[in-house]
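Peer 1: here is a sequence with its predicted model. Questions after.
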Amino acid sequence: MKETWYRIAFGAADGSRLVVAPGDHLGAAIGVAAARLGKAGAVWPLAADPAPPGEVPLGESVGKGVIVERAAPERLGSFRPPPGVLARFDASGRGTLVTGFTERGETGARVIEAVAAGDDARERFLEVIERLPLVDNVEVKLADHHDGGGRNDVWLTPRLRDTRRALRFLDDFDADLLQSGHVDVSVYVRSPQSTWRLTQHKTLVWITVDDSLDGKVRGWLEQAGLERRERLDTIADISHHHYRTATSSARTRLENRLSKAGLRKVDTVS
């Protein structure tokens, strides 16, 4: 696969950094750059875009994983996005992104949606699952933009009736599912009839037609430091990229892994 060069802004304890780095996909370029920059301390991506031709280095450095540092941009915002989704440099509204949760009603259901920063999105997702009385199924939806697949494929586990089995499955597919911006992962609870989802935009969504667990879910989010807000912007509301991490599987390999793990494809939407 041909490498592409990307402009990537990183946050760090000592301020923001901007690099131009190559990769087969955005997540691979982030991995290359983070490995180099991270030698001096933790870094995290804040924004990215394909690099314009004038910023791509020429000569011996091309194709050898070399990164080139540029002058750090201004007004990047402080929100640390979870792995899998990243703002574009020209995204307006980036400064409005904050953590928290909001509640709304939908036809026949109640919804709680939460935004957590960085790795906390994954941790809150798993933490709530650990506290659910029972998980019946895990659903995986591969988005049409996953490696340019052009279709939305829905995969479903057999009925598990076991929270621990669901957690083991998610642990085995951590990089491919929980850290990918090309995937929606949902766990289903049949009683009370509810769904807990980590979306492709890395928001956390609780959907239920039975309010018996609503108060507990709300309390778990508050215990994790997420405040209730009347309005909550998400990265879906601004111009952004979806990506998978450098250690994740390409779509075909992921589909093979899901099949071997016992999941079956139950729906395809072009």
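Peer 2: It's in.
Peer 1: pull out the buried positions in stretch 136-153.
Peer 2: 136-143, 146-147, 149, 152-153 (16 or more other C-beta atoms under 10 Å). Quick note: C-beta positions are derived from backbone N, CA and C, even for glycine.
Peer 1: tell me the average confidence for that stretch?
Peer 2: Average pLDDT, stretch 136-153: 96.
Peer 1: nearest to I238 among the buried residues of stretch 136-153?
Peer 2: Lowest distance from I238 to the buried residues of stretch 136-153 (C-beta to C-beta) belongs to A143, with 17.9 Å.
Peer 1: do I have it right that the closest one meets V183?
Peer 2: Yes: under the criterion of C-beta atoms under 8 Å, A143 makes contact with V183 at 6.8 Å.
Peer 1: residues shared between the contacts of those two?
Peer 2: In terms of C-beta atoms under 8 Å, 6 or more residues apart in numbering, A143 and V183 are both contacted by the residues Q200.
Peer 1: rewinding a little: now for the buried residues of stretch 136-153: which two are most distant?
Peer 2: D136 and D147 (29.6 Å).
Peer 1: just the helices in the stretch 1-150 of the chain please.
Peer 2: 26-37, 120-131 (DSSP state H, counting those that start in this stretch).
Peer 1: hey, which of those helices is tucked in deepest?
Peer 2: Counting by mean count of other C-beta atoms under 10 Å, helix 26-37 has the highest mean neighbour count of the helices of the stretch 1-150 of the chain, with a mean of 22.
Peer 1: so what touches it?
Peer 2: By C-beta under 8 Å, 6+ apart, helix 26-37 touches 4-6, 8, 10, 12, 17, 19, 21-23, 43-45, 48, 65, 67, 86, 241, 243-248.
Peer 1: are any of the residues you listed buried, and which?
Peer 2: Going by neighbour count (16+ other C-beta under 10 Å), those have 4-6, 8, 10, 12, 17, 19, 21-23, 43-45, 48, 65, 67, 86, 241, 243-246, 248 buried.
Peer 1: isn't D176 right next to E255, touching?
Peer 2: No: using C-beta under 8 Å, D176 is not in contact with E255; the gap is 10.3 Å.
Peer 1: who has more neighbours, these two?
Peer 2: D176 (24 against 19; other C-beta atoms under 10 Å).
Peer 1: what are the buried residues along stretch 78-92?
Peer 2: For stretch 78-92, by 16+ other C-beta under 10 Å, it's 79-87, 89, 91.
Peer 1: what of stretch 226-238?
Peer 2: Buried, per 16+ other C-beta under 10 Å, within stretch 226-238: 226, 232-235, 238.
Peer 1: can you give me the end-to-end distance of it?
Peer 2: 21 Å (C-alpha to C-alpha, to the nearest Å).
Peer 1: kindly report the same for stretch 83-90.
Peer 2: For stretch 83-90, the end-to-end distance is 20 Å (C-alpha to C-alpha).
Peer 1: now swap in stretch 102-110 and tell me
Peer 2: This stretch, stretch 102-110, spans 11 Å end to end (C-alpha to C-alpha).
Peer 1: average model confidence for it?
Peer 2: Stretch 102-110 comes out at a mean pLDDT of 86.
Peer 1: how far does that stretch sit from its chain's centre?
Peer 2: 23 Å (C-alpha atoms, centre = their mean, to the nearest Å).
Peer 1: same question for stretch 76-87.
Peer 2: 10 Å.
Peer 1: cool, stretch 163-175 as well?
Peer 2: Averaging C-alpha positions (C-alpha atoms, centre = their mean) puts stretch 163-175 16 Å from its chain's average.
Peer 1: closest one of the buried residues of stretch 78-92 to G118?
Peer 2: R80 (4.4 Å).
Peer 1: now do that closest one against L86, distance only.
Peer 2: Remark: distance between R80 and L86 (C-beta to C-beta, to the nearest Å) = 11 Å.
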